[in-house]
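Novice: sequence and predicted structure below; questions after.
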Amino acid sequence: MKHFFYITSLVLALVMIGITSYAFADNTIQLGVPFQLGFNQTATVQDLQIKIANLTDSRCPSDVTCVWQGQVKILIDINKNNQNLGNFSLILNDKNLETMSFDHYSVRLIEVNPYPISTKRIQLSDYDLTLKLSLLSPLKQLKSGISPGQFSCMPGLTLVMKSEDNSPACVKSATIPKLVARGWTTAISYSN
């Protein structure tokens, strides 16, 4: 009976290791949902790839008292359809979660682990970052210079134009007849 327990435990552990390594190998993410990314790993959503190219951590170690709490600065490399969109810096400190906008998207640095301790040196490969990739609202897409024919909405939403000022909005398809009846929009401009 002991052998059965040990064999079952070993098989279960090997399966879990296999599942974990598969999850890291295929780091496909969803828009609007925080995801974790290690140094030199790549996350993919639709035709977009995000990779952490560099990281600088000057945060005050948790076991030390400092005048300044410090910050983490990361450099992310972004590619779309195998075309480099550039490198973007994001900073995390005790006052803000920085967001950077590009193309139709925004990316936010939410958390960086592990937190420094004065007695332990952290290797770049030890870092685990939590990021969030979101689609910009159509109004922000318009303000960033994207033409109306190129607007994008989150899956399940449809792009319409407000009757009042012809500004774009993403709404659920089921609400469109109600918005048309109220005069809020006159017609569907584009659909996703």
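Specialist: That came through, no problem.
Novice: for burial, what's the neighbour tally of Glu157?
Specialist: Rather than Glu, residue 157 is Leu. When neighbours are defined as other C-beta atoms under 10 Å, Leu157 has 18 of them. From N, CA and C alone the C-beta is placed, and that goes for glycine too.
Novice: ok, the closest residue in space to it that isn't next to it in sequence - contacts?
Specialist: The shortest distance from Leu157 to any non-neighbouring residue, by C-beta to C-beta, 6 or more residues apart in numbering, is to Cys170 (4.0 Å). Shown in contact with Cys170 (C-beta atoms under 8 Å, 6 or more residues apart in numbering): 137-138, 153-154, 157-160, 192.
Novice: next, Cys170: secondary structure please.
Specialist: strand (DSSP: H, G, I helix; E, B strand; the rest coil).
Novice: just to revisit the earlier point, tell me the most packed of the contacts of Cys170, by neighbour count.
Specialist: Within the contacts of Cys170, most neighbours by other C-beta under 10 Å means Val160, with 26 neighbours.
Novice: next, it: phi, psi?
Specialist: The phi and psi torsions at Val160 (degrees, to the nearest 10) take the values phi -130, psi 160.
Novice: among the contacts of Cys170, which are in strands?
Specialist: 157-160 (DSSP state E).
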